[in-house]
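Chemist: let's see this in three dimensions:
(chains A and B)
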Amino acid sequence: MSLATEIMNISIIVAFIAVGISQIMAMTRLVIGPDTGSRILALDTMVINAIGLIVLMGLSQGSRIYFEASLIIAMLGFVSTVSYARFVLRGDIIE
Amino acid sequence: MMETIAVYAVVFWLLVGAGFTLVGAIGLLKFNDSMTRLHAPTKVGTIGIGSLLMASMIHSYVFGDGAMHEVLIMAFLFVTAPISANFMAKVNIHVRSCDTPPDLPTGEDWATLDRPDGYETIPDTTDKPLKTL
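Modeler: Presented below is the predicted three-dimensional model:
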C-alpha cells in the first residue's frame, strides 16, 4: 500500500468522524431546540449529513451502488422539509 | 504520478468537506437565535456535502470508470437548500420566534402572518410577547 492510499484511508476515517459528530450535534439541536423552526432545521441538517455519510460509505468501499440511495434521500429530504414548514405555516399540507 | 496527484486532490476535498460540515453543525448547536441558526447548516453544510461529492467524483475517475453522477445530487442540493431555508425563515416569522416585520404601508398583513380562509384552528400567537434579540 503506497503512502497516498494510506493518507486517503486516514482522511476517509477523519471525514467519517467529522460527519458523524455533526450528525450527533444536529440531533442534540433536534432534542433541545426551543422552537419549531429550529427542529425543522435540525431535521434538514440530519438529512444532508446522512447523504454525506452514504457518499463516504460508497467512497470507502469503492462501489457506485450508493449513488441512487443518496439521490433519493436528497429529494425526499427536500420534500419533507417543505411539508413540515408548510404544515406549520398553513395548518395543512395539501389545501 | 497523475494518480498520486488525484489521490491528494481526493484527500483535500474530503478534509474540506469534513471541516465545513463540522463547522455547520457547530453553528447549528451554538447560535442562540433561530434566525441566526438558520445560516449555519443551510450554507456551510451544503458546501461541505458538495466537497464530499467532489471527492467521490475524483475518486471514481482515479479508481474506476469515471462518472459525473454526483453532479446530479450536487445540483439538486444547491438548488433546494435556499428554498428550504426560505421556508424555515417563514416558519420562524409565523410562530414569532424572531422579530416580526414592520407593518405594511397599505395596512395589509404580511402573507406569512396572514391566516387563510376557513382555518380558524391555527393557534393565535398574536398576544405572545415578542422575543428580543
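Chemist: nearest to chain A: which residue in chain B?
Modeler: Here the residue of chain B nearest chain A is residue B:25; by C-beta to the nearest C-beta that distance is 3.1 Å. From N, CA and C alone the C-beta is placed, and that goes for glycine too.
Chemist: and for that residue, the neighbour number?
Modeler: 30 (other C-beta atoms under 10 Å in any protein chain shown).
Chemist: how about residue B:4?
Modeler: Based on other C-beta under 10 Å, the number of other residues close to residue B:4 is 13.
Chemist: wait, the residue of chain B closest to chain A touches residue A:22, no?
Modeler: Yes. Using C-beta atoms under 8 Å, residue B:25 is in contact with residue A:22, at 3.1 Å.
Chemist: so where's chain A uncertain?
Modeler: A:1 (pLDDT under 70).
Chemist: hmm, back to that, give me the common contacts of residue B:25 and residue A:22.
Modeler: Contact criterion C-beta atoms under 8 Å, 6 or more residues apart in numbering or on different chains; residues shared by residue B:25 and residue A:22: A:45, A:49, B:45.
Chemist: quick revisit: and the residue of chain B closest to chain A, what is it in contact with?
Modeler: By C-beta under 8 Å, 6+ apart, residue B:25 lies in contact with A:21, A:22, A:23, A:25, A:26, A:45, A:49, B:40, B:41, B:45.
Chemist: ok, now with 10 Å
Modeler: Going by C-beta atoms under 10 Å, 6 or more residues apart in numbering or on different chains, residue B:25 touches A:18-19, A:21-29, A:42, A:45-46, A:49, B:40-41, B:44-45, B:48.
Chemist: do a quick rundown of the helices in chain B.
Modeler: B:2-30, B:34-37, B:39, B:46-63, B:70-94 (DSSP state H).
Chemist: got TSV for those, with mean pLDDT too?
Modeler: Output for these, formatted as TSV (pLDDT from 0 to 100):
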stretch	mean pLDDT
helix B:2-30	91
helix B:34-37	88
helix B:39	88
helix B:46-63	91
helix B:70-94	91
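Chemist: highest average neighbour count across those?
Modeler: Highest mean neighbour count among those (mean count of other C-beta atoms under 10 Å in any protein chain shown): helix B:46-63, with a mean of 22.
Chemist: please compute how far that helix lies from its chain's middle.
Modeler: Centroid separation for helix B:46-63 versus its chain: 19 Å, with C-alpha atoms, centre = their mean, to the nearest Å.
Chemist: and if you look at stretch A:17-34?
Modeler: 11 Å.
Chemist: can you check stretch A:47-54 too?
Modeler: Stretch A:47-54 has its C-alpha centroid displaced from the chain centroid by 3 Å (C-alpha atoms, centre = their mean).
Chemist: how about the CA coordinates for that stretch, as PDB?
Modeler: Output of stretch A:47-54 as PDB, limited to C-alpha atoms (Å, rounded to 0.1, in the frame of the first residue of the first chain):
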ATOM      1  CA  VAL A  47     -30.900  14.600   6.100                       C
ATOM      2  CA  ILE A  48     -28.000  16.400   4.500                       C
ATOM      3  CA  ASN A  49     -25.500  14.800   6.800                       C
ATOM      4  CA  ALA A  50     -27.000  11.400   6.000                       C
ATOM      5  CA  ILE A  51     -26.300  12.000   2.300                       C
ATOM      6  CA  GLY A  52     -22.700  12.800   3.300                       C
ATOM      7  CA  LEU A  53     -22.400   9.600   5.300                       C
ATOM      8  CA  ILE A  54     -23.700   7.500   2.400                       C
END
